[in-house]
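>>> Turn this into a model:
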Amino acid sequence: MSEKELSQFIKGYSECDIDYIKCDILEEQDNNYDFRMSICEIVKNDFSICSDKLLIDLFLSLSNSAKKTFVIYKDYQLFANEILNRGHTKYFEVYLEGATKSFDTLIASGIIDLDKEKIIEIIEYLENREEKNKYMISRFNHLLTKKN
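Below you'll find the predicted structure:
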């Protein structure tokens, strides 16, 4: 697929297009891997071209792929970072879902760089959740300590 066609897909992405990027493993092969990686390679250079829906679907597809294949996309952390930059607490549950898919996603999703204000907002959100996640509270407190 040409770069122009990939760009058109990115710009026109809607929820009915998930079948083109989701982790689709049949007989030990992910049928959407090449296309998903092509989209990721374009998007990671300029997240502004990517809708929230596409960003979320890519992040969760990358997470599912990592769980099933034991291999993580080399720039996975950029997608984790962008999820939180865009959505702060609005998309935190998406971040958490992807981050906890596998050991690799858990580690890579921690390699993020957020503004101090966003980190504080996320910590407050985590502390006020009914279901506490001590690991994530610790993660974001550590990130906050690095900012000071």
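>>> Give me the nearest residue to the most centrally placed residue in the chain, chain neighbours excluded.
What sits nearest the mean C-alpha location of the chain, by CA atoms, centre = their mean, is residue 59, with 3.3 Å. In space, and not counting its chain neighbours, residue 59 is closest to residue 79: 4.5 Å by CB to CB, 6 or more residues apart in numbering. Quick note: C-beta positions are derived from backbone N, CA and C, even for glycine.
>>> again with residue 54
That would be residue 13: by CB to CB, 6+ apart, it lies 4.3 Å from residue 54.
>>> Now do the one you found: how many residues are near it, please.
20 (other CB atoms under 10 Å).
>>> gap between residue 121 and residue 88?
Separation of residue 121 from residue 88 (CB to CB, to the nearest Å): 5 Å.
>>> What pairs with the lowest-mean-pLDDT helix or strand in the chain, parallel or antiparallel?
Lowest mean confidence among the helices and strands of the chain (mean pLDDT, DSSP states H and E): strand 25-26, at a mean of 77. Here strand 25-26 has these sheet partners by DSSP bridges: strand 29-30 (antiparallel).
>>> Give the buried residues for stretch 78-88.
For stretch 78-88, burial by neighbour count (16 or more other CB atoms under 10 Å) applies to 78-84, 87-88.
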